[in-house]
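In: the following block contains a protein sequence and its predicted model.
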Amino acid sequence: MTNKQKLNIFFTSVVIFIAVIAVGFVFFPKLVNYKTYSIQTGSMEPNIHKGSMIYVKECKNFSDYKVGDVVTFTDFGKTKSFTHRIVAIDEENQMFTTKGDANEENDLEPTSAMFAVGKVEFAVPYLGYVATFLNNTATKISIAVIYIAWLAIEIEIYITERKKKYE
C-alpha cells in the first residue's frame, strides 16, 4: 500500500468519524424528543455559556415547571427564542417571571406558559457555534463543493489506476 493510499484511507476515516459524531449530536436528540438551540448571548452565564448547544425536553403540563428551572421560550411565529431561569410562577394566569443568571434584574414582563418550549436538560459548550456555522447557507454550499471536488478527485484517481492496470 502506497503512502498516498494510506493518507487517503486516513483522510476518509477522519471525515467519516466527524460526520458520525456530527450526525449523532444533531439527530440523536431528535430521536429522544429533545429540541436543540444555540445560545447566542451571555445572559445565562456562568451556567450556560454563549455558544453552547442546549438540549430542551418538552413539558406537556404547566405543573411540570418549577421555580429554578431553566426554560426555553419562543415567540408566536417560533422564529425567536430565549432561555432564562424561572424565578416566580403565577399559577392563576399561567405566567412565568424569568431572569437570565447573568442579569441583575428580572425580565421586564412575565412570559405566558403557552410560549414555553420546555426545560433545558443539558448544554454542550461551543457546539452551538458549530451548529450555527453549519446551518449557514454559504457553509452548506462550501461543504457541498468540497465534497463534490473530493469525489471527482477520487473518481479520477480510480480511473487513472484502472488504466495503468490495463496498460
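Out: Received, thanks.
In: shaky segments in the chain?
Out: Within the chain, the stretches with pLDDT under 70 are 1, 23, 25-26.
In: where do the helices of it begin and end?
Out: Taking DSSP state H, the helices of the chain run over residues 3-31, 127-134, 137-166.
In: quick check: angle from the longest one to helix 3-31?
Out: For helix 137-166 against helix 3-31, the angle between stretch directions is 140 degrees (axes from the mean of the first three to the mean of the last three CA atoms, to 10 degrees).
In: angle of helix 137-166 against helix 127-134?
Out: Using the same axes, to 10 degrees, helix 137-166 lies at 70 degrees relative to helix 127-134.
In: which strands or helices does helix 137-166 pack on?
Out: Contact here means 3 or more CB pairs under 8 Å, 6 or more residues apart in numbering; DSSP states H and E; on that basis helix 137-166 packs against helix 127-134. C-beta: built from backbone N, CA, C; applies to glycine.
In: that older thread, the helices of the chain into TSV, with extra columns for mean neighbour count?
Out: Listed next are those as TSV, based on neighbours: other CB atoms under 10 Å:
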stretch	mean neighbour count
helix 3-31	11
helix 127-134	16
helix 137-166	10
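In: which one, of those helices, ends up nearest to residue 91?
Out: helix 3-31 (30.2 Å; CB to CB).
In: need the helices of the chain in JSON lines (columns: distance to residue 37).
Out: Output for the helices of the chain, formatted as JSON lines (distance: least, CB to CB, whole Å):
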{"stretch": "helix 3-31", "distance to residue 37": "11"}
{"stretch": "helix 127-134", "distance to residue 37": "8"}
{"stretch": "helix 137-166", "distance to residue 37": "18"}
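In: out of those helices, flag the one nearest residue 49.
Out: Minimum separation from residue 49 across the helices of the chain (CB to CB) falls at helix 127-134, 8.9 Å.
In: show me what the closest one packs onto, helices and strands only.
Out: Counting contacts by 3+ CB pairs under 8 Å, 6+ apart, helix 127-134 is packed against helix 3-31, strand 34-38, strand 53-58, helix 137-166.
In: ok and the shortest one relative to helix 3-31, angle-wise?
Out: Computed by the same axes, to 10 degrees, the angle separating strand 34-38 from helix 3-31 equals 120 degrees.
In: coming back round to it: reformat the helices and strands packed on helix 127-134 as a markdown table; add distance to residue 68.
Out: As requested, the helices and strands packed on helix 127-134 are exported to a markdown table (distance: least, CB to CB, whole Å):
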| stretch | distance to residue 68 |
| --- | --- |
| helix 3-31 | 23 |
| strand 34-38 | 20 |
| strand 53-58 | 16 |
| helix 137-166 | 37 |
